[in-house]
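Asks: Sequence plus the predicted model coming up.
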Number of protein chains: 2
Amino acid sequence: MAHWREQKRERTRNALREAAFRLFAEHGYEDTTVARIAAEAGVSHMTFFRYFPSKEDVVLRDDYDPVLEELIRAQPPEKPPLRRVRDAVMSAVPAVYAQERQALLLRSRLLLATPALRSRMGESLNGSQTAFERGLSDPAETDTPPLAARVVASACVAALTTAITAWVEEGGTGDLPALMDQAFDALESLGVPDA
Amino acid sequence: MAHWREQKRERTRNALREAAFRLFAEHGYEDTTVARIAAEAGVSHMTFFRYFPSKEDVVLRDDYDPVLEELIRAQPPEKPPLRRVRDAVMSAVPAVYAQERQALLLRSRLLLATPALRSRMGESLNGSQTAFERGLSDPAETDTPPLAARVVASACVAALTTAITAWVEEGGTGDLPALMDQAFDALESLGVPDA
DNA sequence: GAGTAACCTGTTATCAACTAACATCTGACG
DNA sequence: CGTCAGATGTTAGTTGATAACAGGTTACTC
């Protein structure tokens, strides 16, 4: 129904992504050319770049940020900022973890093991940080949020990244939500005098 | 005058870096080819890559990390981790700031304004995080530091990055050390119930 | 001081990521 | 049915980055 166009677009998009991940797992990221991915998906290499601005974006792109932004905004404003982010994140992670654990592990492993991707991760994390900042800020306020809010957001992103990194490094055997809880605990006890 | 070689090496290295920054300021990062930089420094484009593994590294490389690692390690171990990092950093920043303020601003501005550089910043930050982790850990311990220490390190790097970003965004008019203090304050009050 | 090994550099060729220009086709819509 | 916009392929070109080889220069030794 409505616009078959978009359906086809979504299908080629998925075909490209799936072909890419399959080839990456098979021959490694560096040894997989864009042309090969495109051929595998039945399109030309130009079409690839019309769907993904760069080779790295196939792996880096995800659409968690807008969801998290909303979840943070929906938190009761009387909670301190870190609490709002923490509760919002932990309200969503377990479900995703239960459902996409394997895919998440593969993607994260690839991300951390490939220099080209690892170096561009900062970009993605920056997007998450911005989403967190927006979720914490009054949407009426138009200018940049105060420094304190930005620090909270960046610290949360850093903590979550550290948790995922630790999870991947131990082979994905541990419980990721638990690690995230630990990481948030470490953040909350940053100010207390004893460790 | 031991080894003329190293002196010459250092000179071409500087010539390349200076030519690069000059051309970047003049024509922008993207519109400056590696071949042009090399020509400007009087060498071939291959020589450029023998000194810098990539075009981005000319801007990204710095040698603060080992210094900071030592400064953190020299802190009294009875201080809580965040304090050790904070005091170490703030013991060194003002001097650097007084002396290299302009250069630091130019470099940071270029870094934040150029997508290609911004996206690879994470790599550099990752190095700083590792340095912080090592400074916080017992050097006798060989395996990876505990999650809590890694979260502290990553949060500090994130806070400092946020401070520098804010500093650049306001045109470098403010006082960077003061902003860093604010950022650390925000970190320390992460756990307290009121804002 | 000659000889040799190590190092640095330039030339050339090649690869792969990415971009631009143009032609083509195929649904969408009146 | 006819037009039009969006999606795709072809081709060609730019640029960052690597490899192989050759020539020259510095250091080290006998």
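Replies: Thanks, I have the structure now. Computed from a predicted structure; not experimentally measured. Numbers count the residues shown, from 1 in each chain, chains lettered A, B, ... in the order given.

Asks: can we go C-alpha only for contacts and neighbour counts from here?
Replies: OK.

Asks: Stretch A:71-88 vs chain B: in contact?
Replies: Yes: applying Cα under 8 Å from any Cα of the partner chain, one finds that stretch A:71-88 is in contact with chain B at A:79, A:80, A:81, A:82.

Asks: what are the ranges of the helices in chain A?
Replies: Under the criterion DSSP state H, chain A contains helices at A:4-27, A:34-40, A:45-51, A:57-60, A:65-73, A:81-113, A:115-136, A:147-169, A:176-188.

Asks: Compare the ones you listed and give me the one nearest DNA strand D.
Replies: Closest of the helices of chain A to DNA strand D is helix A:45-51, at 4.5 Å (criterion: Cα to the nearest atom of the strand).

Asks: As TSV, the helices of chain A with distance to residue B:54 and mean neighbour count would be great.
Replies: Below are the helices of chain A laid out as TSV (distance: least, Cα to Cα, whole Å; neighbours: other Cα atoms under 10 Å in any protein chain shown):
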stretch	distance to residue B:54	mean neighbour count
helix A:4-27	23	15
helix A:34-40	21	18
helix A:45-51	23	15
helix A:57-60	20	18
helix A:65-73	31	19
helix A:81-113	19	16
helix A:115-136	12	21
helix A:147-169	26	24
helix A:176-188	34	20
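
Asks: If you average pLDDT over each of those helices, which is lowest?
Replies: Out of these, helix A:4-27 stands lowest, with a mean of 91 (criterion: mean pLDDT).

Asks: And for it, what's in contact with it?
Replies: Under the criterion Cα atoms under 8 Å, 6 or more residues apart in numbering or on different chains, residues A:29, A:32, A:37, A:38, A:40, A:41, A:48, A:51, A:58, A:59 lie in contact with helix A:4-27.

Asks: isn't residue A:58 right next to residue A:50, touching?
Replies: No: counting by Cα atoms under 8 Å, residue A:58 does not reach residue A:50; the two are 11.9 Å apart.

Asks: Enumerate the residues of chain A near chain B.
Replies: Listed as neighbours of chain B in chain A under the rule Cα under 8 Å from any Cα: A:79-82, A:118-123, A:147-148, A:150-152, A:154-156, A:158-159, A:162-163, A:166, A:182-183, A:186-195.

Asks: So which of these would count as near DNA strand D as well?
Replies: Among the residues of chain A next to chain B, proximity to DNA strand D is found for none (Cα under 7 Å from any atom of the strand).

Asks: Now for the nearest residue to residue A:76 once chain neighbours are set aside: which residues touch it?
Replies: Counting by Cα to Cα, 6 or more residues apart in numbering or on different chains, residue A:76 lies nearest to residue A:84, which is 7.4 Å off, once chain neighbours are set aside. Each residue near residue A:84 by Cα under 8 Å, 6+ apart is listed here: A:72, A:75, A:76, A:77, A:136.

Asks: what about stretch A:37-44 and DNA strand D, any contact?
Replies: Yes: Stretch A:37-44 reaches DNA strand D (Cα under 7 Å from any atom of the strand) through A:42, A:43, A:44.

Asks: could you dump that stretch to CSV, C-alpha only?
Replies: Extracted C-alpha coordinates of stretch A:37-44, given in CSV (Å, rounded to 0.1, in the frame of the first residue of the first chain):
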residue,chain,number,x,y,z
ILE,A,37,29.3,-5.5,-0.6
ALA,A,38,27.3,-3.8,-3.3
ALA,A,39,27.7,-6.7,-5.7
GLU,A,40,26.6,-9.1,-3.0
ALA,A,41,23.5,-7.0,-2.5
GLY,A,42,22.8,-6.8,-6.2
VAL,A,43,23.5,-3.1,-6.7
SER,A,44,26.3,-1.0,-7.9
